[in-house]
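S.K.: what shape does this take:
(chains A and B)
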Protein chains: 2
Amino acid sequence: MRLKNNPRLAALLAASEERACGRRPLAGTAHSDSPKPSATAGRQYRILGLDTALRKTGWGIIDANGNNFRAVDCGVILNDRKVSVSDCLRRLNGALKGLLNNYHPDIAVIEGGFFCKNARTAIILGTARGAVLGVLAEAQIDIYEYAPRRVKQMICGFGNASKGQVALLVAQFLQIKVDNLSDDSTDALALALCHAQLLGTAQGLSLGEPL
Amino acid sequence: MRLKNNPRLAALLAASEERACGRRPLAGTAHSDSPKPSATAGRQYRILGLDTALRKTGWGIIDANGNNFRAVDCGVILNDRKVSVSDCLRRLNGALKGLLNNYHPDIAVIEGGFFCKNARTAIILGTARGAVLGVLAEAQIDIYEYAPRRVKQMICGFGNASKGQVALLVAQFLQIKVDNLSDDSTDALALALCHAQLLGTAQGLSLGEPL
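M.R.: Numbers count the residues shown, from 1 in each chain, chains lettered A, B, ... in the order given. Okay, here's the model as predicted:
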């Protein structure tokens, strides 16, 4: 019911054409008929989304210019279960520095404000997050944080969207196929898209302060 | 009662001489009459203890050679409440890198395994901890983690010791005055001492794996 009632999702689902997969600028999105020019239109931002965890950190980079979004690259930084915490963090930081050197993002977006029942799990999650934030902070990149519910609201129009629904909309916005992408990459792209949409719509007024 | 029943603490409290404050090798400690030579005796380790938090990270560096311990330096990395999380992490990482460059510690010791009811607090604590661990991991320094109770057991002989009792024993082991030190510095020195004692006693057998 929710799915059908959501105009953005319904419009995309109704679109019958098979979009070509690939990484090229998206000509029209649900936002492209925005009545006001965006305050940030004309300036292109490269946004790095990061879905951080010690063993599996998804990353996704998009370019956003007003309401035009383009996928640049995405992937997952994997750490085997047998790898020590130190080695995980060293590999994570090294890979992240590599991404910063290769792609020079202007903004980083991470997941935050999530609910975690178990304090021990929260500390482990916080540890991976802290290592990543430390690298981003040293590189003087503005970091924004969004709760999963907020990301789903921005991408799908409602906060209870499933992973599949988010993936579908990410694919549509960026005109890419996400079937072969891991959930972590898709989530990272969704984080970047969430921020891109806030930059491109509402004249950036609903943007919070960076971390 | 516990205080009186603890032989190490009682022995130190009974010592009537006024020790000179300063940072010099401690000639005799409660461990110096250990019947077996330590497996690690003869090799000096420089140990950095870190009591991490976003706004206030205590640090303390000691040299340990068998059962001889010497305080090298200690302090606190402070971040004002108004400073953003990014700036806190940048300052924390910068200060830590400065310490590593100045003092070249062999081993780092952090607090871990603590109980945290609130998952949000745990994530914030984990974030500071992750940033610090990331820097230490990149510097390829072995990191050990001890629960507060374990530290108190190693320093005072029982896990329920008060902060004051820990500070008293830290002062005695290192022959320094801790009156002017912040709790965070003392806790950091206690972490370093905890590891030093495990290195110097029981032939290092009770040492766990580094993180």
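
S.K.: separation between the residue located most distally from the centre of chain A and chain B?
M.R.: Seen from the C-alpha centroid of chain A, the residue lying at the greatest distance (CA atoms, centre = their mean) is A:Lys82, 28.3 Å away. Distance, A:Lys82 to chain B, by CB to the nearest CB, to the nearest Å: 12 Å. (Each C-beta comes from the backbone N, C-alpha and C, glycine too.)

S.K.: tell me who's in contact with A:Cys194.
M.R.: A:Cys194 is in contact with A:49, A:109, A:146, A:150-151, A:154-155, counting by CB atoms under 8 Å, 6 or more residues apart in numbering or on different chains.

S.K.: out of these, who's nearest chain B?
M.R.: Nearest to chain B among those, counting by CB to the nearest CB, is A:Val109 at 13.2 Å.

S.K.: so the host helix or strand of the closest one, near chain B or not?
M.R.: Element membership of A:Val109 [criterion: DSSP states H and E] is strand A:107-111. No. On the criterion CB under 8 Å from any CB of the partner chain, strand A:107-111 is out of touch with chain B, staying 9.9 Å away.

S.K.: using the three-state scheme, assign the residue farthest from the centre of chain A.
M.R.: coil (DSSP: H, G, I helix; E, B strand; the rest coil).

S.K.: pop out the phi and psi values for it.
M.R.: When read as degrees, to the nearest 10, the backbone of A:Lys82 gives phi -80, psi -10.

S.K.: what parts of chain A come near chain B?
M.R.: Residues of chain A lying close to chain B by CB under 8 Å from any CB are A:84-87, A:89-90, A:92-94, A:115-120, A:122-138, A:140, A:142-143, A:209-211.

S.K.: again, 7 Å this time
M.R.: A:84-86, A:89-90, A:93, A:116-117, A:119, A:122-123, A:125-131, A:133-135, A:137-138, A:143, A:210-211 (CB under 7 Å from any CB of the partner chain).

S.K.: what secondary structure does the nearest residue to A:Thr57 once chain neighbours are set aside sit in?
M.R.: In space, A:Thr57 comes closest to A:Ile77 once its chain neighbours are excluded; the distance is 4.3 Å by CB to CB, 6 or more residues apart in numbering or on different chains. Under three-state DSSP, the three-state class of A:Ile77 is strand.

S.K.: so what's A:Ile77 up against?
M.R.: A:57, A:59, A:91-92, A:95 (CB atoms under 7 Å, 6 or more residues apart in numbering or on different chains).

S.K.: all helices for chain A, in order.
M.R.: Remark: helices assigned in chain A by DSSP state H are A:2-5, A:7-14, A:85-103, A:119-138, A:148-156, A:163-174, A:183-200.

S.K.: returning to what we had before: now list the buried members of the residues of chain A next to chain B.
M.R.: A:85-86, A:89-90, A:93, A:116, A:119, A:122-123, A:125-131, A:133-135, A:137-138, A:143, A:211 (16 or more other CB atoms under 10 Å in any protein chain shown).

S.K.: and A:Asn180, how many neighbours?
M.R.: Using other CB atoms under 10 Å in any protein chain shown, A:Asn180 has 8 neighbouring residues.

S.K.: weakest of the helices of chain A by average pLDDT?
M.R.: Averaged per stretch, pLDDT over the helices of chain A is lowest on helix A:2-5, reaching a mean of 39.

S.K.: A:Phe158 and A:Lys152, how far apart?
M.R.: 7 Å (CB to CB, to the nearest Å).

S.K.: same deal with A:Leu211?
M.R.: From A:Leu211 to A:Lys152 the distance is 21 Å (CB to CB).

S.K.: next: A:Asp51.
M.R.: Taken as CB to CB, the span from A:Asp51 to A:Lys152 is 14 Å.

S.K.: more crowded one of those two?
M.R.: More crowded of A:Asp51 and A:Lys152, by other CB under 10 Å: A:Asp51, with 25 against 22.
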